[in-house]
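**Student:** starting from these lines, generate the structure:
(one chain, ligands or ions: 2)
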Amino acid sequence: MKKGIWQEFDGYQDVVEQIKVSRKLGGTAAAAVASAEEYIRQLHPERIQLAVSEIIEQTPSTKTLRLVSKNNYLPPFMAGQYIALFLEIGGIRTSRPYSISSQPNQTGFYDITVRRVENGLVSNYLLDKVKRGDTLIGSGPAGNFYFNPLIHKKKMVCIAGGSGITPFMSMIREIVECGLDRTVTLFYGSKTVDDMIFGPELNRIAERFDNIHYVPVLEEPADGYEGACGFITRDLMKGVLADIEDKSFFICGPRGLYDFCLPQVQELGVPERKIKQEMYGAPADIRQYPGWPADIGPRAAFTVKVKGHKDLQARADEPLLVALEKNGVVVPSLCRSGECSMCRVKILSGKVFQPAGVPVRKSDRKFGYVHACMSYPIEDLEIII
Ligand SMILES: Cc1cc2nc3c(=O)[nH]c(=O)nc-3n(C[C@H](O)[C@H](O)[C@H](O)COP(=O)(O)OP(=O)(O)OC[C@H]3O[C@@H](n4cnc5c(N)ncnc54)[C@H](O)[C@@H]3O)c2cc1C
Ligand code: FES
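**Tutor:** Ligands and ions are numbered 1, 2, ... in the order given. Model (predicted):
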């Protein structure tokens, strides 16, 4: 073809390639691209309409909600992933992530297992108000807390606290129901026997399958209890695990469990690359967190100016994301524990406190972006969403 000025235009080569592909496929390349995009949308939908098909009581404070798709299709997931539920409760539009506790080969439903949090907005709503047949809006499965055969050892050590058992339940169910070649030693910390979610099922599985070892650890055992008591310590783990060299460690639960157990695992000599963690949200009391500025009083609040919205007051001990939602400012969110970066906002002026370890990208830090779910106002702020 004779060389013309159009060959200098941006995208010229892309169009030439599309024409070639179109001729080869006998249709337009754009159509092929569109159908690929549609396929990707099905695999990773932004929102799914879910119906509550069953509610199963697990413990006095915990229920499993069985969720089926209203569109007859549930995207696949990896055992350990979560979905976020998007709700409007008392005029507040918010979301919360819940790990899927059913196993991935069970394609007809997602189970989520919800534990009541004292004064918690969403957990109490899900446990007390939601009934069979109700519709809930969820995200597609998300998160990277799953077994990766390229990275992880087949011998897994799983450390769970409270509702942090749910992703491990999905993994263990998949291993035993699909006969996967993996071994799990599960340390599960709980206050009392009655608080243990899935306790009877875990006992049954551990009795039947040689590759699943279950070590419940009770903080407040009843008189005469013969199992492990107290916390999940280095010495307890050392006594149970013959060797740590050939194992990968997974930790899941409230931030307090992580703050206690991570140093214990590190003291065993486990390198960081062999430890994977999932944190169940923001710290229960940020004022107790290392580095919290001592001059910020318990009832401190600051003014937040949000471009395009009315000024609002935000408590210092509450994540900025929560203050925004309470004032009708909706910020996209998914993990609500600092990991996914969906809730990024740009700070134009003022300071926030961010707990150590929140993975904010280097470029975001440079240009003043923070994760609103893990940022606490400690001065008046001006922000853009
Ligand atoms: C990836 C991920 C997966 C999760 N999976 C599950 C799950 O399978 N089952 C489940 O029950 N929860 C799970 N959670 C926690 C869940 O998302 C909510 O945080 C929890 O239900 C509390 O929400 P709430 O609206 O009731 O409480 P909020 O109104 O948000 O909080 C009320 C108070 O309780 C504190 N608080 C919040 N969450 C906890 C907690 N988990 N433990 C102790 N104190 C807390 C807050 O700091 C606050 O002071 C998961 C969290 C994450 C990040
Ligand atoms: S919602 Fe994921 S980082 Fe804030």
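**Student:** how about the contacts made by the nearest residue to residue 141 once chain neighbours are set aside?
**Tutor:** The shortest distance from residue 141 to any residue other than its chain neighbours is 3.4 Å, reached at residue 77 (CB to CB, 6 or more residues apart in numbering). Where C-beta positions appear, they are placed from N, C-alpha and C, glycine not excepted. Residues near residue 77 by CB atoms under 8 Å, 6 or more residues apart in numbering: 100, 104, 110, 141.
**Student:** and residue 77, what's its pLDDT?
**Tutor:** The model reports residue 77 with a pLDDT of 97.
**Student:** and it, how far is that from residue 349?
**Tutor:** As judged by CB to CB, to the nearest Å, residue 77 and residue 349 stand 41 Å apart.
**Student:** which SS state does the residue nearest to residue 141 fall under?
**Tutor:** coil (DSSP: H, G, I helix; E, B strand; the rest coil).
**Student:** also residue 235?
**Tutor:** helix.
**Student:** do residue 305 as well
**Tutor:** Strictly by three-state DSSP, residue 305 counts as strand.
**Student:** that one contacts residue 381, doesn't it?
**Tutor:** Yes - with contact defined as CB atoms under 8 Å, residue 305 counts as touching residue 381 (7.0 Å).
**Student:** the two: who's more crowded?
**Tutor:** residue 381 (24 against 16; other CB atoms under 10 Å).
**Student:** quick one, phi psi at the closest residue to that one other than its chain neighbours?
**Tutor:** Computed as CB to CB, 6+ apart, the closest residue to residue 381 that is not its neighbour in sequence is residue 350, at 3.7 Å. Note on residue 350: backbone dihedrals following degrees, to the nearest 10 are phi 100, psi 170.
**Student:** what count of nearby residues applies to residue 350?
**Tutor:** 16.
**Student:** what residues are up against it?
**Tutor:** Residue 350 touches 302, 377, 379, 380, 381, 382, counting by CB under 8 Å, 6+ apart.
**Student:** which of those count as buried?
**Tutor:** 302, 377, 381 (16 or more other CB atoms under 10 Å).
**Student:** make CSV out of the residues you listed and add pLDDT and distance to ligand 1.
**Tutor:** Converted to CSV, the buried ones among the contacts of residue 350 look like this (pLDDT from 0 to 100; distance: CB to the nearest ligand atom, whole Å):
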residue, pLDDT, distance to ligand 1
302, 98, 19
377, 98, 16
381, 98, 20
